[in-house]
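> With the sequence up front, the predicted model follows.
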Amino acid sequence: MVNYRSPEAQKDAVANQSIQHSRSALSKTAAKVLQDPLLLRQLSDQVYKLMIEDLRRQRERSRN
């Protein structure tokens, strides 16, 4: 028995596989970072820099 899918269902299946792959890769990376204090510090520093930059941009927008 052959199972046919509509083009929309095929796109959804491919998207779901991609999401699952991305989640798996992210999970592995997160586990690696949590085990390495240097990587954790680098990640924390980068997140902090991005938050500061975002706050600066929000202030600029609110002034204009």
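Great, that's in hand.

> Rounded mean pLDDT for stretch 48-56, please.
Stretch 48-56 shows a mean pLDDT of 98.

> Where does the most centrally placed residue in the chain fall, secondary structure wise?
With distances taken as Cα atoms, centre = their mean, the residue of the chain nearest its centroid is Leu26 (7.2 Å). When secondary structure is defined by DSSP states H and E, Leu26 falls within helix 7-35.

> After that helix, which helix or strand is next?
In N-to-C order, the element after helix 7-35 by DSSP H and E is helix 37-63.

> Output the below-cut-off pLDDT ranges for this structure.
1-2 (pLDDT under 70).

> Let's see that with 80 instead.
Of all residues in the chain, those with pLDDT under 80 make up the ranges 1-5, 64.

> Let me know the secondary structure of Tyr4.
Under the three-state scheme (DSSP: H, G, I helix; E, B strand; the rest coil), Tyr4 adopts coil.

> and the gap between it and Glu53?
With distances taken as Cβ to Cβ, to the nearest Å, Tyr4 is found 49 Å from Glu53. All C-beta spots, glycine's among them, are computed from the backbone N, C-alpha and C.
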